[in-house]
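Asker: Quick one, what's the 3D model for this:
(2 chains)
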Amino acid sequence: MHPPGHTHALRTTVTETHVITTSGLTKVYRSRGREVTALDGVDLHVREGEVYGVIGQSGAGKSSLIRCINLLERPTAGTVTVAGQDLTALAGRGPRAGRELRRARNRIGMVFQHFNLLSTRTVQDNVELPLEILGTSGKERSRKALELLDLVGLADKARAYPAQLSGGQKQRVGIARALAGDPKVLLSDEATSALDPETTRSILQLLRDLNRQLGLTVLLITHEMDVVKSICDSAALMENGRVVESGTVSELLATPGSELASALFPVGGEASGADRTVVDVTFQGEAATRPVISQLSRTYNIDISILGAAIDTVGGLQVGRMRIELPGGYEENVVPIGFLREQGLQIDVLGAAGQEPPLVKEGAK
Amino acid sequence: MRPLLEQACWDTLYMVGWSTLIAVVGGLPLGVLLVLTDRGGLLQNLVANKVIGQVVNIARSMPFIILMVALMNFTRSLTGTTIGREAAIVPLAIGAIPFFARLVETAVREVDGGLVEAVQAMGGNTWTVVRKVLVPESLPSLVSSTTTTIVALIGYSAMAGTVGAGGLGDIAIRYGYQRFETDLMWITVGILAVVISVIQFAGDYAARSLYRRGGRSGSAPKLRLLKAKEPAAADISKVA
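Answerer: Numbers count the residues shown, from 1 in each chain, chains lettered A, B, ... in the order given. Purely as a prediction, here's the structure:
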C-alpha cells in the first residue's frame, strides 16, 4: 500500500446528505448551585464526505460540542444524529452508556489532543483495542491493525511502545486506532494542538488523505485558523456556546463582513489619509483572472492604491484578496464600487480613513 | 536453634503469603470501587462511596492486636480454630484488605482520565475500562503497593505469635525479649531485615521493569504552542 500523500488527484466527494446533525444542542453544567451554559442551542449540519472545522477560543464550547456528538457528555437538551441514528434517543436516562450507544460509538472514531494511548500496550495492541471491544477474533484484529498502521505510515512501529514514539507518530497511532471500527465519521478534538507546526501539517495532510481515500467525514475542533484554512471544506465559528457563523469556505468568503472569512484570509493595510475609501476585494474562481483593477482605473479615471494583497488557497479554493484605496469619501465612490460588484467580486467597504473600520454591509445596491 | 529459626521463617512466609494473596484479591476491587463510585466516577454513587470509605477507615484505625481478638469468633467459624498459623491468616488478611484498598485507590486515581474517555469513545463499558485501562495502566503502582503491603504484613505477623502462630517476630519476642536471649533476638531481627530488603528489592525491580516497559504514561508532551505564546507576548509588552 502506498503511504498517503499520493492521492491528491482524487476529488473529495461531498454529498448533500447530512451525516452529523445537531439541533438545539444545549449543555448546561451545574456545580454547587452555579450554572454554566457551555452550549446554547447549537445547530450543526455536517455533510457526508467533508472536513468540517469548528473554531473558537478556549471556553467557547468546542470541547463540549464534540463530546456531545458521541455523547461522552450528555446534552441537556437538543438532539444529535450521526449517520441517520439519533444518538440522544439511544442514551437512556442514566449516566452510563447502554449497549446500543456503545455500539454506535464504535462506529464514530475519535482522536484526542493528548493522543490518549495506553502506555502499557504496544502500538499494534493500542490499535487493536477497539476491535477487542467489538469482539473481533485475534487473527482478524492483528490483520486489521497492521493494515491501519500501514495506512498511517507506521507499519514498522507495530511492536514499539507509545513512549518510544514522537508526538506526530503517537497521533498517527491515535488516528489508526480511531479508524479500527470502520467509522463513517471521525471526530478530532484539537488533534494537532500539541504538535509542532511541521508535524501539524503532516497530520492534517493525513486527515485530508483519509477523508479523500475513505470518504471519511471529519469533524474537527481547533483554535488554530491555519487548521481550518488548510483542510476544511466548511467551518463554523463558535463564541460563548453559540455558532455565530457557519458554511462552506467559499460561502463564508462570499459573505460580506464575515469574521471567519477575514480571519481565514486577512489582508492588512491602513488608509493613507483622510477622505479616502478603503475597499476589500475578494476574488474567487474566474473573476480572479480578469484585469478588474486596471479596468476600474481606466473607466472611471481614478487613481487606485493597493494597500495590501494576497493570493492563497483556502480549503482547496484559490482565493485572492486585495485591499485598495480610492480617493474621496464613500459617497463619491458609489459608482466605481458598483462596477466592482458587477464584475462578480465580493466587496467589503471599510469605514472612512483613520477610524476603526466599521463594516458597511451591502453598500450601494 | 537452626530448626527453630527455619520453622519460624516458614511460618512467617506462610502467613504473609496467604494473607497477601487474600488482601490483593479483596483490596483490588475495593480500591477500584472507591475510585469508580467517587464524584465524577464511572459508577458515581456517593452514598456507596462514603460507606465503603468509612468501613475502610474503621478497619484501618483498628490496632492489629485488637482486630485479632475482635475477629476471634469469625476466625473460628472459618478455620475451626483460633490458634496457629491458619488462625492468624484471617485477621492478617482482614487487616490488610483496607490497607491495600487505599493504596489501590491512590494508584488508580493516577491513571489519566483521557484514557478512560478514549475507551468510552470506542464503545467500551465500565468493565472494559477497568480491565483494559485502570488496572493495566496502574500496574507498576499496584506492584509497589503490594510490596508495601507485604512488608506491613511481616510487621503485623510478629503479633500473630500471641495466638500461637509462630514466625520470626514471635521468636524475637518470646526467646529474645522475654527470655533475654539477646543473640537470638538480633539474629531474628537480622533475618527479618534481610527478608524485607529482598522483598522490597524484588518489588521495586518488578515495578520498575513494568514502568520502563511502558515508558511513562505515554501521554502527551504537554507542549501547547498557542498557550505558550500568549504569556511570552505579554512579557514583551511589559518590557516595551
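Asker: next one: stretch A:192-201 to chain centre, how far?
Answerer: Between the centre of stretch A:192-201 and the centre of its chain there are 15 Å (Cα atoms, centre = their mean, to the nearest Å).
Asker: Do me a favour and get the end-to-end distance for that stretch?
Answerer: Taking Cα to Cα, to the nearest Å, stretch A:192-201 runs 9 Å from one end to the other.
Asker: ok, which stretches of the stretch 1-150 of chain A are helices?
Answerer: Under the criterion DSSP state H, counting those that start in this stretch, helices of the stretch 1-150 of chain A are mapped to A:62-69, A:87-90, A:99-106, A:123-134, A:138-151.
Asker: helices or strands next to the fourth one in the packing?
Answerer: Using 3 or more Cβ pairs under 8 Å, 6 or more residues apart in numbering or on different chains; DSSP states H and E as the contact test, the elements touching helix A:123-134 are helix A:99-106, helix A:138-151, helix A:167-179. All C-beta atoms are positioned from the backbone trio N, CA, C, and that covers glycine.
Asker: and if you look at the third one?
Answerer: On a contact count with 3+ Cβ pairs under 8 Å, 6+ apart, helix A:99-106 meets helix A:87-90, helix A:123-134.
Asker: Recalculate using a threshold of 10 Å.
Answerer: Contact here means 3 or more Cβ pairs under 10 Å, 6 or more residues apart in numbering or on different chains; DSSP states H and E; on that basis helix A:99-106 packs against strand A:85-86, helix A:87-90, helix A:123-134, helix B:113-121.
Asker: most packed of those?
Answerer: Mean neighbour count, computed with mean count of other Cβ atoms under 10 Å in any protein chain shown, is highest for helix A:123-134 among these, reaching a mean of 23.
Asker: Report the angle between that one and helix A:138-151.
Answerer: Calculated by axes from the mean of the first three to the mean of the last three Cα atoms, to 10 degrees, helix A:123-134 forms an angle of 130 degrees with helix A:138-151.
Asker: tell me the angle helix A:123-134 makes with helix B:113-121.
Answerer: Following the same axes, to 10 degrees, one obtains 50 degrees for the angle between helix A:123-134 and helix B:113-121.
Asker: got the angle for helix A:123-134 vs helix A:99-106?
Answerer: Put simply, helix A:123-134 runs at 150 degrees to helix A:99-106, going by the same axes, to 10 degrees.
Asker: So for helix A:123-134, mean pLDDT?
Answerer: Mean pLDDT, helix A:123-134: 95.
Asker: Kindly reformat the helices and strands packed on helix A:123-134 as TSV containing distance to B:V195, mean neighbour count and mean pLDDT.
Answerer: Shown next, in TSV, are the helices and strands packed on helix A:123-134 (distance: least, Cβ to Cβ, whole Å; neighbours: other Cβ atoms under 10 Å in any protein chain shown; pLDDT from 0 to 100):
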stretch	distance to B:V195	mean neighbour count	mean pLDDT
helix A:99-106	48	18	89
helix A:138-151	42	17	94
helix A:167-179	43	25	95
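Asker: wouldn't A:E128 be in contact with A:E147 here?
Answerer: No - contact between A:E128 and A:E147 fails when scored by Cβ atoms under 10 Å: they sit 11.6 Å apart.
Asker: So the residue in the stretch 51-200 of chain A that chain B sits nearest to: helix, strand or coil?
Answerer: Residue nearest to chain B within the stretch 51-200 of chain A (Cβ to the nearest Cβ): A:A163, separated by 1.9 Å. Recorded secondary structure, A:A163: helix (DSSP: H, G, I helix; E, B strand; the rest coil).
Asker: Isn't it up against B:R212?
Answerer: Yes - with contacts counted by Cβ under 10 Å, A:A163 reaches B:R212, the gap being 9.0 Å.
Asker: Neighbour count: these two, which is higher?
Answerer: Ranked by neighbour count (other Cβ atoms under 10 Å in any protein chain shown), A:A163 and B:R212 place A:A163 first, with 17 against 12.
Asker: Leaving out the residues flanking it, which one is nearest to the most centrally placed residue in chain B?
Answerer: For chain B, B:F100 is the residue whose C-alpha lies nearest the centre (Cα atoms, centre = their mean; 3.2 Å). Of all residues not flanking B:F100 in the chain, B:G27 sits nearest, at 3.2 Å (Cβ to Cβ, 6 or more residues apart in numbering or on different chains).
Asker: next one: A:V127
Answerer: Nearest residue to A:V127, sequence neighbours excluded (Cβ to Cβ, 6+ apart): A:A145, at 4.1 Å.
Asker: How much space separates that neighbour from B:I199?
Answerer: Separation of A:A145 from B:I199 (Cβ to Cβ, to the nearest Å): 39 Å.
Asker: returning to what we had before: could you list every helix and strand in contact with the helix or strand containing the residue nearest to the centre of chain B?
Answerer: Assigned by DSSP states H and E, B:F100 belongs to helix B:85-109. Contacts defined by 3+ Cβ pairs under 10 Å, 6+ apart place helix B:85-109 against helix B:2-36, helix B:46-61, helix B:64-70, helix B:72-79, helix B:135-137, helix B:139-157.
Asker: what angle do that helix and helix B:139-157 make?
Answerer: Put simply, helix B:85-109 runs at 150 degrees to helix B:139-157, going by the same axes, to 10 degrees.
Asker: picking that back up, and the helices and strands packed on helix B:85-109: which comes nearest A:L117?
Answerer: When those are compared by Cβ to Cβ, helix B:135-137 sits nearest A:L117, at 10.6 Å.
Asker: Off-centre distance for the closest one?
Answerer: Here helix B:135-137 shows a centroid-to-chain-centroid distance of 15 Å under the convention Cα atoms, centre = their mean.
Asker: Quick one: list the elements packing against it.
Answerer: When contacts are defined as 3+ Cβ pairs under 10 Å, 6+ apart, helix B:135-137 packs onto helix B:85-109, helix B:113-121.
Asker: Report the angle between the longest one and helix B:2-36.
Answerer: Yep, that's helix B:85-109 we're talking about. Between the axes of helix B:85-109 and helix B:2-36, defined by the same axes, to 10 degrees, the angle is 40 degrees.
Asker: Can you pull out the low-pLDDT segments for chain B?
Answerer: Residue ranges of chain B with pLDDT under 70: B:1, B:214-240.
Asker: hmm, 80 instead?
Answerer: Residues of chain B meeting the criterion pLDDT under 80: B:1-2, B:160-164, B:211-240.
Asker: give me the low-pLDDT residue ranges for chain A?
Answerer: Ranges of chain A meeting pLDDT under 80: A:1-14, A:91-97, A:254-257, A:264-274, A:284-290, A:310-319, A:344, A:350-365.
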